[in-house]
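Participant: turn this into a model:
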Amino acid sequence: MATYTVTTANWNDPSFWNSITESSGGHTLDLSQLSSSYTIIYDANGAITAISDGTTTFTIGESGTTGNDATLGPNTDWSYFSQIIGSQGNESLSGSAGSDTLDGGDGNDFIAGEEGLDWIFGGGGSDTVDGGAGNDTIFGDNADSGFATGASLRGSYANQVNTDLSGYQSPPITQVLQTGQVAHVWVNEATTANSLNITPQIRIANADGTWATEQVELSNLVAVDDSNSYDWDNMDVDLLPDGNLVISYVRSSAESGGDEPVFSIIDPSAIGTPAQYVVENIEIQSNDTTTQESPPLTTVLDNGNVLFVWSNNALTDDNPTMELQGRIYDPTTNSFLSDQFTISDIAVDGTDSADVDNLDVVQLQGGNVVVSWARSNVETGGTEPVYRALDEDGTPVSNTFEIQEIDDTTYESPADIVALQDGNWMAFWIDNGYSDDSATMILEGRVFDASGNSVTGDFPISIDAVDGYDGYDVENFSATLLGNGNVVVGYVENSASGGYDNSPQFSIVGPDGTVVAQDVEIAQSPDHIWPGAPIIAAIGDSGHFVAVFADGNQASGGATGLNFRIYDGNGNPVTDEIELTNASDGSALSGLDTFDWSQVDVDYNAFNNTFTVSWVGVDDGSNSGVYTSGPIAGVTQGQNDGADSLSGGDGADDIYGQGGGDILEGGAGNDMLDGGTGDDTIVMGDGYANDYIIGGEDDAGTDRDLIDASSVTTDGVDVVLSGSERGSISSDEGSAKFSEIEDFILTEQADSFQGTNSSTGHRVDGGAGEDTLIGGPGNDTLHGGSDNDTLSGGAGDDVLYGGAGDDVFTYAPGDGMDSIADFNVDNSGTLNDNDNTNNDFINLRPYYNTLFELWADQQDDGILNQSNTTDTNGNAVDYSGNTQFDTDGTPNNEGLYFKGAIGDETFFTAENTGIVCFAKGTPILTLRGEVPIETLKVGDLVVTRDNGPQPIVWIGARYVSGAQMDANPKLKPIHIAPDLSGGHSALILSPQHGLLMNVEGDETLVRATHLARMQGGKARVMQGCRGVTYLHIMFEAHQIVSAAGAPAESFYPGPNAFGALSEAACKEITMLFPELVPQHAQQSYGPHSREFAAFRQLPDHLRALSPPA
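Facilitator: Numbers count the residues shown, from 1 in each chain. So this is what the prediction gives:
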């Protein structure tokens, strides 16, 4: 594809523009040489482009247009440019309906991707970007190849590859094609023994993750052998220089000719047609002299030929005839260049307990090939890793040598070898590699040159010992060359290193053997035992790499999740742990042990700088299935720090704010949004679906990144922090995951925020709606917003704003020094109307015996912290029987500060507490007749109005003395006359107790204190009472019982009633009802048996009320 560069010399030259003649798309227009004085307007759909140098404006139209200063060449449209690189000035760039790459360069740019899969780079300056419809990748600043520092990403989650659900599908082997497409190859019926149905399958995805083909069975290919006893992978898939695929494996014993290494060549551009088969089922060996040969290890050489390496008698062990064979094939002529040849007369080991492949082949810079294998125990020297160097024609250039210099352990593992950028190669192995849980199982390395001569001696790479357990579904260690020339080795630690979790780890080694990073544990949250080793892939030339690992116990054989993290070339993490799938999904990583190659594959795609993770999942709707992440983008952070506004539009977008305080909006679809450094705002709206959000971190860690969900209108959201600054935000729209987020603005509906697991201090604005906000150990600031909210700061020194509405605040021991900034502000009622539901409320009953104590505590230092020694009447106080503010012995660091509080009845009143109960002596109707309430016991059957006899599940009692009632008159009992209640005798109730009455024809619960406030005299406060025992009876659900012949309510564990109980009583009820949350009793316990009437809903006179029939 052509690139046309616009300069200061040709930007206004009609002949330059007219010389651009193309007939199709895919070309690049490069304006980057124009300075910041230039302004560009580019619109692929508007048929015109305008360039101004600040003095004159020059317009260029498409071929055939008129009225412009110049036109493009014959039959050429602006939509033929799929990549636009902007100038250093200000641009307005609008892409076509296809897939565009738009780069604004420096300056303050406006960029619109329109439809299609777009790549958009804002460049320097403060840019406004709209990706439009389609799956877009957007960068606010400059971006180079590699992965962004501080960045994280969405991936495409788990996409099922196979559509045929017959039998168990094997793990996929993926190969990136020359077109940027990704081929997935696997077999079905993968666990069936000796079956002709174990046939290769293929499906190809486009570079953007959309499917280019359906699943196609390569039915002309012979079946794959199912044996689990080979010592390396049963199947290999490699890319030839002409773009075709070579697929090699051991033919099934059920096929004619039996177990033999074979290969076929497939044309991926012709999948689904007869032309897909280039050559079919070619036997690799020329002399079949042994019973069963191994799978061929296939290497496409730099000269385009293909080297196959295999062993004779592959299913035996300690057999000197297990010699390695080789043969070279020329795909341009579809012919072998020679008969098979013996690579070495030193036999390969057949032991099945090696935790890595027994054979490895690499080609070096310069053309030589190194073959490494585990020497058979029948050979002199026993089982050790050995090697031999060959040229491209298969001619040996070295003898067969041991890899290690010093043999100080019994059996070393097979080696994993890596070709270095300087033409040398590096080998890695494990001491005592056939053991398990041994502290001697150290990872070692050594460097050799292209001729097989040693460059270094042995050098240790790990301090921690490597695990030798044979039950993992991936190799226990593997090495990968990075773009910066270093090598990263991933492995799994064994329990002899002092741990139990067998964590996935890696070390990084320079090309000279210098250890750059050692025993870096790949952090998991939560930690799991036996997750296995990571699968590592380099991300282009950036030096970054991705580590993919199981989220769970891979060794047990069960399903696990699958996660990944990105690291830089020095081993520093640049992302959090990111989930691809979890153990509860059908796409969870399968733990079956019967597959014949690794359960996970990772490939980097240089075509669009992405990587793809593929794996075998536990369930495709029938049995095991093939899954892929789709393309996951990789970028390196640019140098510019503009404050950008980036919008993805519809589709699954990847958006990177990078430097500066950016505004990112994913729009509809499963988006990845990464703010980068700076104080960023991530905007969520309707249709946000399963987004992945990264706030990004500054080096100093002082940034404040914000999720703004106020544009979500369809439903409230539930935010749950699973760790510091990370968690999920869920609603009917979907469940977005986030990390590195400090602040939140929630919706205008009823929201919840649960920050218990985050040590960061968060700022949360609940907005309108009845919100429940619970902070964590950090110093949080919680705003309830309008409506009736519930706020709890949790541990830490928190600031709480209830906002408008009647809000409930909670404080528990250990919650630190909290401040309530607007207590009693915007109440809907007064503090002395006997209705504690129409004002702000906080339950302080456990901390104080009387309001006189509380007032005095407020007066002494302006903080409720039990620091006073007397009450306001001068009586000594004793808090020893109360719940304590002080939990750590440090004075004055725990308690409650109320802004504007006064220590008297104008600010703190009895309406902060409430007790619902019957008085002692009240007769209750049971199956054995009426009995005094104090004689009842748990399990007794009480007659209920609605549900017949019901057993009592809890009984409580509390004595209120005259002194307590003098201190708090609202505790005095209410006397109800029988002709009002409908009972046979007077009824004595607590003020908040509900009595069933007819109110305008409807059965309604009316509080005793409200009856006493009405005219008529048949309900009154017992002013002379000098002591009363209130008793509570509770059932599995709220009931109406007969008390002295009158219908009255049972105990209901709402926040006011529950908070007034003793600590012991609360514990008893919580044990009976472990799911009970008093603030949400309607959901956790059940509804009231009848609605309560507010006082304003009642008539003025008691005669308007009547007992129910």
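
Participant: end to end, how far does stretch 982-996 reach?
Facilitator: With Cα to Cα, to the nearest Å as the measure, the ends of stretch 982-996 fall 10 Å from one another.

Participant: just give me the neighbour total for the nearest residue to Q1023 once chain neighbours are set aside.
Facilitator: Leaving out its chain neighbours, the residue that sits closest to Q1023 by Cβ to Cβ, 6 or more residues apart in numbering is K972, at 6.7 Å. For every residue, glycine as well, the C-beta is placed using N, CA and C. With neighbours defined by other Cβ atoms under 10 Å, the count for K972 comes to 22.

Participant: residues contacting K972?
Facilitator: Shown in contact with K972 (Cβ atoms under 8 Å, 6 or more residues apart in numbering): 965, 991, 1021-1023, 1025, 1028.

Participant: out of those, which are inside helices?
Facilitator: The members of those that map onto helices under DSSP state H are M965.

Participant: return the member of the contacts of K972 nearest to D226.
Facilitator: The shortest separation between D226 and any of these is 78.8 Å, and it belongs to P991 (by Cβ to Cβ).

Participant: which of the residues in stretch 11-31 are buried?
Facilitator: Burial within stretch 11-31, assessed by neighbour count using 16 or more other Cβ atoms under 10 Å, is assigned to 11-12, 16-18, 20, 22, 25, 27-31.

Participant: that should have said stretch 205-216, apologies.
Facilitator: Neighbour counts using 16+ other Cβ under 10 Å place 205-209, 212-213, 215-216 of stretch 205-216 among the buried residues.

Participant: ditto for stretch 291-305
Facilitator: Of all the residues in stretch 291-305, those buried under the rule 16+ other Cβ under 10 Å are 292-300, 305.

Participant: what about it, average pLDDT?
Facilitator: Predicted confidence along stretch 291-305 averages 92 (mean pLDDT).

Participant: that stretch: end-to-end distance?
Facilitator: Taking Cα to Cα as the criterion, the two ends of stretch 291-305 lie 28 Å apart.

Participant: L721 pairs with what?
Facilitator: Beta-bridge partners for L721, by DSSP bridges, are G727.

Participant: which residues touch it?
Facilitator: With contacts defined as Cβ under 8 Å, 6+ apart, the neighbours of L721 are 727, 754-758, 762, 776.

Participant: 10 Å - rerun?
Facilitator: Counting by Cβ atoms under 10 Å, 6 or more residues apart in numbering, L721 makes contact with 727-728, 738, 741, 744, 753-760, 762, 774-776.

Participant: can you check G1017 too?
Facilitator: For G1017, the contacting residues are 977, 980, 1102, by Cβ under 10 Å, 6+ apart.

Participant: with G54 instead?
Facilitator: Counting by Cβ under 10 Å, 6+ apart, G54 makes contact with 35-39, 89.

Participant: so it, which state does it fall into?
Facilitator: Under the three-state scheme (DSSP: H, G, I helix; E, B strand; the rest coil), the conformation of G54 reads as coil.

Participant: still on that earlier bit, nearest to A2, of the buried residues of stretch 205-216?
Facilitator: Ranked by distance to A2 (Cβ to Cβ), these are led by A207 at 20.3 Å.

Participant: burial count for the closest residue to the closest one other than its chain neighbours?
Facilitator: With Cβ to Cβ, 6+ apart as the measure, G180 is the residue that lies nearest to A207, at 3.6 Å, once sequence neighbours are left out. G180 is surrounded by 16 other residues when neighbours are defined as other Cβ under 10 Å.

Participant: list the contacts for G180?
Facilitator: 205-208, 605-608, 610, 631.

Participant: one more: A190?
Facilitator: Under the criterion of Cβ under 10 Å, 6+ apart, the contact partners of A190 comprise 167-171, 197-198, 224, 226, 592, 594-597, 616, 623-624.

Participant: likewise D449?
Facilitator: When the contact criterion is Cβ under 10 Å, 6+ apart, the partners of D449 are 364, 366, 368, 389, 398, 420, 422-425, 455.

Participant: phi, psi of it?
Facilitator: The phi/psi pair for D449 (degrees, to the nearest 10) reads phi -90, psi -180.

Participant: what do you get for F336?
Facilitator: Here the main-chain torsion angles of F336 (degrees, to the nearest 10) amount to phi -80, psi 150.

Participant: from what I can see it touches V279, true?
Facilitator: No. With the criterion set as Cβ atoms under 10 Å, F336 and V279 do not qualify as a contacting pair; they are 11.5 Å apart.

Participant: ok so, going back, helices - which of the contacts of G1017 land there?
Facilitator: Taking DSSP H, the ones among the contacts of G1017 that sit in helices are L980.

Participant: export the contacts of G1017 as a markdown table, with columns for distance to R446, neighbour count and pLDDT.
Facilitator: Formatted as a markdown table, the contacts of G1017 follow (distance: Cβ to Cβ, whole Å; neighbours: other Cβ atoms under 10 Å; pLDDT from 0 to 100):
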| residue | distance to R446 | neighbour count | pLDDT |
| --- | --- | --- | --- |
| A977 | 100 | 17 | 91 |
| L980 | 97 | 23 | 95 |
| L1102 | 98 | 20 | 95 |
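
Participant: where does the stretch 51-200 of the chain dip in pLDDT?
Facilitator: The model of the stretch 51-200 of the chain has pLDDT under 70 over residues 82, 86-157.

Participant: quick one: the strands in it?
Facilitator: 57-61, 70-71, 81-85, 90-94, 101-103, 110-112, 119-121, 128-130, 137-139, 143-145, 159-160, 173-176, 182-187, 200-205 (DSSP state E, counting those that start in this stretch).

Participant: got the contact list for M1022?
Facilitator: 919, 965, 972-975, 988, 1012, 1028.

Participant: among the residues you listed, which are located in helices?
Facilitator: For these, the ones inside helices are 965, 1012, with DSSP H as the criterion.

Participant: tell me which of the contacts of M1022 is nearest to G61?
Facilitator: Using Cβ to Cβ, A1012 is the member of the contacts of M1022 that sits closest to G61, with 87.4 Å.

Participant: go ahead and confirm the closest one touches A977.
Facilitator: No. Counting by Cβ under 10 Å, A1012 sits too far from A977 to count as a contact (11.2 Å).

Participant: intersection of neighbour lists for those two?
Facilitator: Taking Cβ under 10 Å, 6+ apart as the contact rule, A1012 and A977 both touch 1018-1020, 1102.

Participant: closest to G829 out of those residues?
Facilitator: Out of the shared contacts of A1012 and A977, the one with the shortest distance to G829 is A1019. That distance is 20.6 Å, counting by Cβ to Cβ.

Participant: that closest one touches L1011, doesn't it?
Facilitator: Yes. With contact defined as Cβ under 10 Å, A1019 reaches L1011; the gap is 3.6 Å.

Participant: related to what we said a few turns ago, now, of the contacts of A190, which are buried?
Facilitator: With burial judged by 16+ other Cβ under 10 Å, the buried subset of the contacts of A190 is 167-171, 198, 224, 226, 592, 595-597, 616, 623-624.
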